[in-house]
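Participant: Kindly generate the corresponding structure for this input.
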Amino acid sequence: MKKFFLTLVVAALTLFATAQTNQYFWYQGNLMMGNPIAQIDSVTFGENEPTDTLHILLPRTIIKEVHDTVEIVKHDTVYINKCLANNGALPGKFSVSSTKKVRFSKGNLQYNAALGTHQCADGTTKQGTWRFAEHQWDYVGDATQGTVYENGVKCDNALISSSYYGWIDLFGWGTSGWNSGANAYQPWSTNTTPSDYYPGGSYTNDLTGTYAHADWGVYNQIGDEPAGTWRTLTYDEWNYLFGSRANAASLRGRATVNGVKGFILLPDNWTAPTGITFLSGTGVDYDKNVYSEIQWREKLEPSGAVFLPGGGWRTSSTVYDMQSHGTYWSTTAYNNYWAWFLRFNTTESGMSNSYHGRYASRSVRTVIDVE
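Facilitator: Predicted structure coming up:
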């Protein structure tokens, strides 16, 4: 194994220490913050380390050295963005305009109406809990399909209600829980009239500006992150990412990850990790790019890849097209019936504005702007 050195200024932890900061520890192969093995006060970067990413490789042993040079054995890669206060962003940078880049959240957005409370951007506290999926390939689906279990029971978008105790991940347009002036604005809304989903009562209003709180990520605390940390891409941003950024066509394609069909987006200036082949193109089906959980966790995800699972879509309490279709909302209205969303299936990929109205519930994948 390749060895290299980083100079770490560390302080030994005593058994009864009560106040530590900047703490990192190993958990299931990942470097986490919190319950520490060592208190890291400073890091001297190695040669050619990127300035906006802290790239640490540590053995799974307690660091005992104090104010000394620690030998690092390369066997696991962890990226922590120094510029972000959150742990929910993936490492890859994606251009969504000629002047703006984003990082994607680590999984699709999920909501539980009966679990706990969360803080909102307007200062209120609301019933319910928002979180990101544990894995990028996770989708709730319904009781017949899906990849999300809680306490041994499969979660089910078809059981959506204000009191459902499981997780859901398909939402009508603008249903962040903020009273936008629309008749339907709660995450569990199942109305089937497009006008019920008009923020401010007008079909021309986007989920931005005056109505930005109708964006799920802007309004809600998600996990441990404060409200306002995240946002959803606009139509122009999704469209630029898919078609206008440099080498856009070669940086996207259908794939199967850990047995789940979906769509891969690769970051700007992506380089394939050793042993990984990626095929792009409109004729590449889900079975052409097939990756195991280990390949994704150890190579593709650390390289910045984003995976959008094909979680289908919902109307009323019926879920359709799981694993053949993926649909992901934008914040941009289209006309008096529709709003823009990203759509992919076995033959198409790109922006769409039809395929049922704003009441059709779709997946949400949030982003954070790169400073």
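
Participant: centroid residue for this structure?
Facilitator: S105 (2.7 Å; Cα atoms, centre = their mean).

Participant: what's the burial count for the nearest residue to it once chain neighbours are set aside?
Facilitator: Leaving aside its sequence neighbours, S105 sits nearest to T366 (Cβ to Cβ, 6 or more residues apart in numbering; 4.7 Å). The way it works is simple: take the backbone N, C-alpha and C, and place the C-beta from them, glycine included. For T366, the count of nearby residues is 25 (other Cβ atoms under 10 Å).

Participant: tell me the helices in the stretch 201-350 of the chain, going along the chain?
Facilitator: Secondary structure of the stretch 201-350 of the chain by DSSP state H, counting those that start in this stretch: the helices cover 216-219, 235-239, 293-295.

Participant: Show me which of those has the highest average neighbour count.
Facilitator: Counting by mean count of other Cβ atoms under 10 Å, helix 216-219 has the highest mean neighbour count of those, with a mean of 25.

Participant: for that one, packing partners?
Facilitator: Here helix 216-219 touches no other helix or strand, going by 3 or more Cβ pairs under 8 Å, 6 or more residues apart in numbering; DSSP states H and E.

Participant: what's in contact with that helix?
Facilitator: If you take Cβ atoms under 8 Å, 6 or more residues apart in numbering as the criterion, helix 216-219 is touched by 105, 109, 120-122, 130, 171, 175-178, 187, 212-213, 227-232, 364, 366-367.

Participant: what about 7 Å?
Facilitator: Under the criterion Cβ atoms under 7 Å, 6 or more residues apart in numbering, residues 109, 120-121, 171, 176-178, 212-213, 227-228, 230-232, 364, 366 lie in contact with helix 216-219.

Participant: Those residues in strands, which ones?
Facilitator: L109 (DSSP state E).

Participant: Max pairwise distance over the contacts of helix 216-219: which two?
Facilitator: The span of the contacts of helix 216-219, defined through Cβ to Cβ, is set by F171 and G228 at 18.5 Å.

Participant: higher neighbour count, these two?
Facilitator: Neighbours were counted for F171 and for G228 using other Cβ under 10 Å; F171 has more, 25 against 17.

Participant: so what's that one up against?
Facilitator: 187, 216, 361-362, 364.

Participant: try 10 Å
Facilitator: Residues in contact with F171 (Cβ atoms under 10 Å, 6 or more residues apart in numbering) are 109-111, 157, 160, 186-189, 216, 314, 329, 360-364.

Participant: Next: T277.
Facilitator: 288-289, 291.

Participant: Can you report how many residues lie near P309?
Facilitator: 29.

Participant: T99 versus that one, what's the distance?
Facilitator: Distance of P309 to T99, computed by Cβ to Cβ, to the nearest Å: 30 Å.

Participant: try I160
Facilitator: 39 Å.

Participant: So between those two, which is more surrounded?
Facilitator: Neighbours per residue (other Cβ under 10 Å) separate I160 from T99, with I160 holding more: 25 against 6.

Participant: correct me, but that one touches N191?
Facilitator: No - in this structure I160 lies outside contact range of N191 using Cβ atoms under 10 Å: 11.8 Å.

Participant: joint contacts of these two?
Facilitator: 172, 316.

Participant: now the strands: where do they sit in the stretch 251-371 of the chain?
Facilitator: Secondary structure of the stretch 251-371 of the chain (DSSP state E, counting those that start in this stretch): strands at 252-257, 260-265, 290-291, 306-309, 313-315, 318-320, 326-333, 339-344, 349-352, 367-369.

Participant: quick one, what contacts N239?
Facilitator: 96, 233, 248, 330, 332, 340, 342, 350-351.

Participant: Out of those residues, the closest to T256 would be?
Facilitator: L342 (18.6 Å).

Participant: what's near enough to touch the closest residue to the closest one other than its chain neighbours?
Facilitator: With sequence-adjacent residues excluded and distances taken as Cβ to Cβ, 6+ apart, L342 is closest to Y328, at 4.3 Å. Contacts of Y328 were listed using Cβ under 10 Å, 6+ apart, and they are 108, 232-233, 238, 263, 308, 311, 313, 341-344, 362-365.

Participant: got it, and T229?
Facilitator: T229 neighbours (Cβ under 10 Å, 6+ apart): 84-86, 88-89, 105, 121, 217-218, 220-223, 366, 368.

Participant: Sort the residues you listed by pLDDT and name the bottom one.
Facilitator: Note: of these, the lowest pLDDT belongs to L84, at 31.

Participant: And what about V102, helix, strand or coil?
Facilitator: The three-state label given to V102 by DSSP: H, G, I helix; E, B strand; the rest coil is strand.

Participant: Please report the distance of it from W270.
Facilitator: On the measure of Cβ to Cβ, V102 and W270 end up 15 Å apart.

Participant: same thing with N112?
Facilitator: 34 Å.

Participant: same question, K100
Facilitator: As judged by Cβ to Cβ, K100 and W270 stand 18 Å apart.

Participant: Show me which of the two is the more surrounded one.
Facilitator: W270 (19 against 12).

Participant: How about the contacts made by the more buried one?
Facilitator: W270 neighbours (Cβ under 10 Å, 6+ apart): 92-94, 247, 250-251, 278, 300, 303-305.

Participant: What subset of those is buried?
Facilitator: 92-94, 251, 278, 300, 303-305 (16 or more other Cβ atoms under 10 Å).

Participant: Now the two most distant members of these.
Facilitator: Going by Cβ to Cβ, the pair spanning the buried ones among the contacts of W270 furthest: K93 and F278, at 17.6 Å.
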